[in-house]
Structure formats: structure tokens, C-alpha cells
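>>> just to be clear, the model below is a prediction. Sequence and coordinates:
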Amino acid sequence: MSQNEDSNPFSTRPPTDSRLEEMGEEGYVVVVTRAFGPNGEDLMADDGPEFSGSPGVKLLVKQGDTEGFVYLSPYYGDPAKVTDTDFEDGKPCELLCPESREPLDKIPGMTSEDGGEYFAIYLTPRLKDGELVAINNVWGNTNSRIMSEDELLLLLADAEDPAQQ
């Protein structure tokens, strides 16, 4: 068993339907089954740790001189992640594609109260023209948002229109 599997609490937890029951209060749970970086790189970790039987989303994360792979739960709203790297809570990180080391696309105009910014994990090969999950770059901030192409266009328009600010 690899170190990532040893540190993955979801490989031994109950099945997803019971573990994520409170997340699915609306009657559904969203599972990311495809994830892409800005260059089309596949971010699904089919050979990495699993979260209740599903592969996670793999990113390379850098915080100062510290860097390591992080596997995010594919269940939207589930804050679980697996890494063997010690990152400092509350500090921003660079979010990169694991193979190409290309940074994820920053979403203009979208920030958090702790000074974090949001970056795109695309859900379709259409990339910038498709749906995405916006993730925060501050370690420990688990806020994210699923956005459609239309929502992203509105956000971009607001960010570019000085009258809106």
C-alpha cells in the first residue's frame, strides 16, 4: 500500500451514499468524472488514491519552496484531500497541472475574504468554453463553485466593466 493510500481516510470509510448523505441534502451528489487543465491535460488520478471508489483530481501545489501532489475528492462539496506534503494553513498556493506544470487559469474578479483567488478546473474538453469547478488557492479554504459557461461570461463582463465596481 502506498503512502497516499495509507493517509487516505476514504479508502476505508463507509460507502459514498452514507458518507456523503448530508452533502446531498438537495437529493443529489455531484461527482467530477472528468477534469482538465488549461492545456487539456487530464487531471483525473486514475492511478492515485480513491475516494469511496472514485479517483480524485490530481494537482501539483506549490507554496513558497514547498511543493507536492494533492488529490482532491471528486465529490463536489467534499473538502477531503490526500497529500503527504505539509502546507501552511491560510497561505496562498500556486495550483499547477501535475505533468506539464502549467498553472491553472485564474478566474478574474473572483476572490475570497481571506485574500484567496479562484482557479479553473475544466469539466469538459471544451476548456474555456465549457463548465468548470472554481477552486480557491488558499490552503485550508475549501470553498469552491461549479460554474457554467454563461456564469463565467457574466463574471468576466463584471470584472472588465469599471462601472460595476
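Here it is on my side, so go on. Numbering: from 1, shown residues only.
>>> please, where are all the helices along the chain?
All helices of the chain, identified by DSSP state H, fall at 3-6, 16-19, 149-160.
>>> quick one: residues contacting the residue positioned nearest the centre of the chain.
In the chain, the C-alpha nearest the mean C-alpha coordinate belongs to I135, at 4.9 Å (Cα atoms, centre = their mean). Neighbour list for I135: L72, L95, L104, Y118, F119, I121, S144 [criterion: Cβ atoms under 8 Å, 6 or more residues apart in numbering]. No exception for glycine: its C-beta is placed from N, CA and C like everyone else's.
>>> report the separation between it and A120.
Going from I135 to A120 by Cβ to Cβ, to the nearest Å gives 8 Å.
>>> which neighbours do those two share?
L104.
>>> wait, V133 sits on S144?
Yes. If you go by Cβ atoms under 8 Å, V133 and S144 touch, sitting 5.7 Å apart.
>>> these two: who's more crowded?
V133 (21 against 17; other Cβ atoms under 10 Å).
>>> E131: neighbour count?
For E131, using other Cβ under 10 Å, the count is 16.
>>> cool, the one 10 residues further on as well?
When counting by other Cβ under 10 Å, one arrives at 20 neighbours for N141.
>>> contacts only, for the residue lying closest to it once chain neighbours are set aside.
Counting by Cβ to Cβ, 6 or more residues apart in numbering, G116 is the residue found nearest to N141 once chain neighbours are left out, at 5.3 Å. The contact partners of G116, by Cβ under 8 Å, 6+ apart, come to P92, N136, N137, V138, N141.
>>> thanks a lot, see you next time.
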